[in-house]
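A.B. asks: Sequence first, then the predicted structure:
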Amino acid sequence: MEIVNKKALIVDLNKRSSEVKGLPDLRVYIGGLGLGLALYEMYRDKDPVIFSVGPLNGFFPFASKTSIVLSDDGVMEDLYIGGNLSTRMKFSGLDSIVICGRSEDRVILDISNTSVSIKTSDMDINTLGLPGKRSILSVDYEKNNVLVQSYFSTPDYFLYKTLSEKNIMGMVVTGTEFHKPNNFSDYENLYQNILNKINEVRVEKGIYPSCSNCPMGCGKSKFGEIGGNVLVHSLVSCHYADKIYSDLGIVFSCLNVLGYDYTHEDLENLPVIVEETLKRLN
């Protein structure tokens, strides 16, 4: 498995254009929350909303959420939505999707790996993307809500407000890439070790739809999360699994087996780096 620099898909609604950018200087932000804040700082003059995943999404249990960074009337907000969006972004080869500007008409973003097609609002969103390889995020203008897989949402109105102001009716992300860890045996053992820590997850098992790579089926993930532990939300894992993913030893092992060259010092410095970025933004 070859690890490359952070990669973001930048969508400019004003110009109806997109580009993929490599971000070697943003490596220290790890992913998720940290990466989203760094990208917001880069594109703040374009009023961006930023969807980001972390290095463990798509590969380990309970690393299941997608981080969303946006500004609500000048106040930075970090939100987390469940479902399969994080996995499809990871398998698109993307760390972040940055949506800038505003469309004059309501549109749907149809993203296939790193390419973007902007569809008109009369398109049936369920006909877009590749079934089994896609995630559908829909904006319900009647119920003032945003849903992934017609079920998972965020715990507030910030995302709906931002996407509706940008005239976005939905986003379909199809990801067809997959990278196998070089030492697959070590990866499988570590995966099973983390899965065996299911009793450390602070939520009860249920019969509800599960987020990607999560066997819990809990009712909590329906409404997502807001704020929380910097490392956990930069990875991006479920905050109910924070006891697992705030353990630097486990996180370091996960990153190492996937081929990342992060050090313990990188992980320890992350909260300070994020705090400094927030100060500049505020």
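C.D. replies: Perfect, thanks for sending it.
A.B. asks: all helices of this protein, in order?
C.D. replies: Read by DSSP state H, the chain holds these helices, from start to end of the chain: 32-43, 85-90, 158-165, 184-195, 230-235, 242-245, 248-258, 264-281.
A.B. asks: Which strands and helices lie in contact with the fifth one?
C.D. replies: Okay, so that is helix 230-235. helix 32-43, helix 242-245, helix 264-281 (3 or more C-beta pairs under 8 Å, 6 or more residues apart in numbering; DSSP states H and E). No exception for glycine: its C-beta is placed from N, CA and C like everyone else's.
A.B. asks: Export the helices of the chain as a markdown table, with columns for distance to Gly101.
C.D. replies: Output for the helices of the chain, formatted as a markdown table (distance: least, C-beta to C-beta, whole Å):
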| stretch | distance to Gly101 |
| --- | --- |
| helix 32-43 | 10 |
| helix 85-90 | 21 |
| helix 158-165 | 11 |
| helix 184-195 | 40 |
| helix 230-235 | 26 |
| helix 242-245 | 34 |
| helix 248-258 | 34 |
| helix 264-281 | 19 |
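A.B. asks: Adding mean pLDDT as columns, could you present the ones you listed in TSV?
C.D. replies: TSV is the format used below for the helices of the chain (pLDDT from 0 to 100):
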stretch	mean pLDDT
helix 32-43	97
helix 85-90	97
helix 158-165	97
helix 184-195	97
helix 230-235	96
helix 242-245	96
helix 248-258	95
helix 264-281	95
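A.B. asks: and Tyr151, which of these is closest to it?
C.D. replies: Nearest to Tyr151, of all the helices of the chain, is helix 85-90, at 11.7 Å by C-beta to C-beta.
A.B. asks: Return the distance of that closest one from the chain's centre.
C.D. replies: Distance of helix 85-90 from its chain centroid, counting by C-alpha atoms, centre = their mean, to the nearest Å, is 7 Å.
A.B. asks: and if you look at stretch 206-215?
C.D. replies: 17 Å.
A.B. asks: And for stretch 127-146?
C.D. replies: For stretch 127-146, the distance to the chain centre is 15 Å (C-alpha atoms, centre = their mean).
A.B. asks: Could you work out the end-to-end span of stretch 82-96 for me?
C.D. replies: Its start and end residues considered, stretch 82-96 measures 16 Å (C-alpha to C-alpha, to the nearest Å).
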